[in-house]
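Engineer: Build me a model from this:
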Amino acid sequence: MTKLLTSTWMTIPVAVAVYAASTFLFWKTPVVPPRAARTAPTAVRNELGQYQNPEADQLVGELKEEKKKLDDREQQLNELATRLDTERGEISNATQSVQQLQADFDKNVLRIKDEETANLKKLAKVYSAMTPDGAALILSDLDDTQVAKIMVFMKEGDAAAILESISKKGAAEAKRAANLSERLRVAAFRPPPTQ
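Structural biologist: This next block holds a predicted model:
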């Protein structure tokens, strides 16, 4: 029997028996919970008997937050649009004021175009050759802009004599002479000084 127990053929069944016994004794079977406890509920009934889904509730909450942010952003954009409209109106008013000032400036400042220059010089020579009273009488029928344009091309002495003659005709004509003097002062074209 010892021979039988020490044979190599016998060690194999003994080893299998020892393995099976130790596996049986030390094996722990995992505890499997019931099926309902194994799966996490995706929907739960509330006290009214309605189903609730926590994931859906979370998504709804996130959507509400995003909607609130979008509403705030829309309100800011509306306020900005209102402010821009107000500023656009102010800029439009300022532009109109500048255009009106430019028109008034152009009206008050005497501007002589290049094509007028030759004709105005001829007229200035004609009126300078006349007596101051005769020239003042003719110039009284012209508007102040035309008179100032002609006087720009006259010598200072001739223009002074004509202005003096105009101012001697009364208070209204003296005021006209002052207006002509102011127009001559702000004239945009000055002829080169004659020698």
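
Engineer: For the rest of this, base every contact and every neighbour count on C-alpha atoms.
Structural biologist: Fine.

Engineer: and stretch 145-165, how far out from the chain's middle?
Structural biologist: With CA atoms, centre = their mean, to the nearest Å as the basis, stretch 145-165 stands 51 Å off its chain's centre.

Engineer: which residues in this structure form strands?
Structural biologist: Along the chain, the stretches classed as strands by DSSP state E are 44-45, 51-52.

Engineer: Run through the protein and note the low-pLDDT ranges.
Structural biologist: For the chain, the stretches with pLDDT under 70 are 1, 5, 33-49, 108-112, 114, 188-195.

Engineer: Point to the residue nearest the middle of it.
Structural biologist: Nearest to the mean C-alpha position of the chain, counting by CA atoms, centre = their mean, stands Leu84 at 7.4 Å.

Engineer: quick one: it from Ala94, how far?
Structural biologist: 15 Å (CA to CA, to the nearest Å).

Engineer: ditto for Thr82
Structural biologist: Taken as CA to CA, the span from Thr82 to Ala94 is 18 Å.

Engineer: Spit out the contact partners of Ile150.
Structural biologist: Leu120, Lys121, Leu123, Ala124 (CA atoms under 8 Å, 6 or more residues apart in numbering).

Engineer: excluding its backbone neighbours, what's nearest the third one?
Structural biologist: Looking back up the chat, that one is Leu123. Ile150 (6.6 Å; CA to CA, 6 or more residues apart in numbering).

Engineer: The second one now?
Structural biologist: Closest residue to Lys121 in three dimensions, ignoring its sequence neighbours and counting by CA to CA, 6+ apart: Phe153, at 5.7 Å.

Engineer: The one you found: neighbouring residues, count only.
Structural biologist: Using other CA atoms under 10 Å, Phe153 has 23 other residues around it.

Engineer: do the same with the one 10 residues further on
Structural biologist: When neighbours are counted by other CA under 10 Å, Leu163 registers 23.

Engineer: State the distance from the nearest residue to it once chain neighbours are set aside to Asp144.
Structural biologist: Distance criterion CA to CA, 6+ apart; nearest residue to Leu163, sequence neighbours excluded, is Ala177 at 5.7 Å. From Ala177 over to Asp144 the distance is 9 Å, taken as CA to CA.

Engineer: Neighbour count: the two, which is higher?
Structural biologist: Ala177 (21 against 16).

Engineer: how does the protein divide up, domain by domain?
Structural biologist: Using automatic domain parsing, the domains assigned to the chain come out as 60-108, 114-185.

Engineer: and Tyr19, which of those is closest to it?
Structural biologist: Nearest to Tyr19, of all the domains of the chain, is domain 60-108, at 58.0 Å by CA to CA.
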